[in-house]
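Engineer: Sequence first, then the predicted structure:
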Amino acid sequence: MEINIFIDSMIDCLICSATGELEDTEYRLVSKTITKQDQNILKKQGWKFDWSIPHQNGYEVYELLLKNSDEVQGMIALRHIRSQYYTHVDIVEAAPFNVGHNGRYKGVGAHLFAIACKLSWDVGNEGYVQFTAKTDLVEHYRQTLNAKNIDWHTMYIDSYGAIELIRKYFKEE
């Protein structure tokens, strides 16, 4: 799956577009398998990707939340490839109300990649994260995430890039 999320801000929290207020975040593993019925609800809410597929394919799905809130701000699907020492990201998506210049919160995309880097580091993959970028976003990911190319649209974040994201988004850890 091609990653198609615009990294609008590199901030260590989310920013409310309406007020400019900073909001702390947290994340959690979606432990319940997302079913087709769950997916139909997500689709009605405006989510673009079929989030039931990653679970079927052995990916873990994580939700980004505001602290002390259950409202999902974005989701990421990833799988740790321990034999090759990297974490593969399949899907990254901001909640429908966070998409575009009129989105409720800014900073969702970078947060989701920071979560992938942290989890990669935690399992022993030294922060390496690999993903397939939509072609018109390759240069954007090079600039905002310090991602590098494997081929024309397969990209990775190495340990150095991961450390930068982890330090920025997980200061207290």
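Structural biologist: That came through, no problem.

Engineer: How about the contacts made by L119?
Structural biologist: Taking C-beta atoms under 8 Å, 6 or more residues apart in numbering, we find L119 in contact with Y62, L78, H80, T87. Using the backbone N, CA and C atoms, a C-beta is placed for each residue, glycine as well.

Engineer: Is my assumption valid that M155 occupies a position in a helix?
Structural biologist: No - if the criterion is DSSP: H, G, I helix; E, B strand; the rest coil, then M155 is strand and not within a helix.

Engineer: Quick check: beta-bridge partners of it?
Structural biologist: Taking DSSP bridges as the rule, M155 bridges to F131, N149.

Engineer: I'd like to know how many residues surround it.
Structural biologist: When counting by other C-beta atoms under 10 Å, one arrives at 22 neighbours for M155.

Engineer: which among the contacts of L119 gets closest to K171?
Structural biologist: Checking the contacts of L119 against K171 with C-beta to C-beta, the nearest one is Y62 at 19.0 Å.

Engineer: quick one: which helix or strand includes that closest one?
Structural biologist: With elements taken from DSSP states H and E, the one containing Y62 is strand 60-66.

Engineer: relative to its centroid, which residue of the protein is most remote?
Structural biologist: Distance from the C-alpha centroid of the chain, by C-alpha atoms, centre = their mean, peaks at T19 (23.9 Å).

Engineer: if I look at the closest residue to T154 other than its chain neighbours, how far off is N40?
Structural biologist: Nearest-residue entry for T154: T132, 5.3 Å, with adjacent residues in sequence omitted and distances by C-beta to C-beta, 6 or more residues apart in numbering. According to C-beta to C-beta, to the nearest Å, T132 stands 26 Å off from N40.
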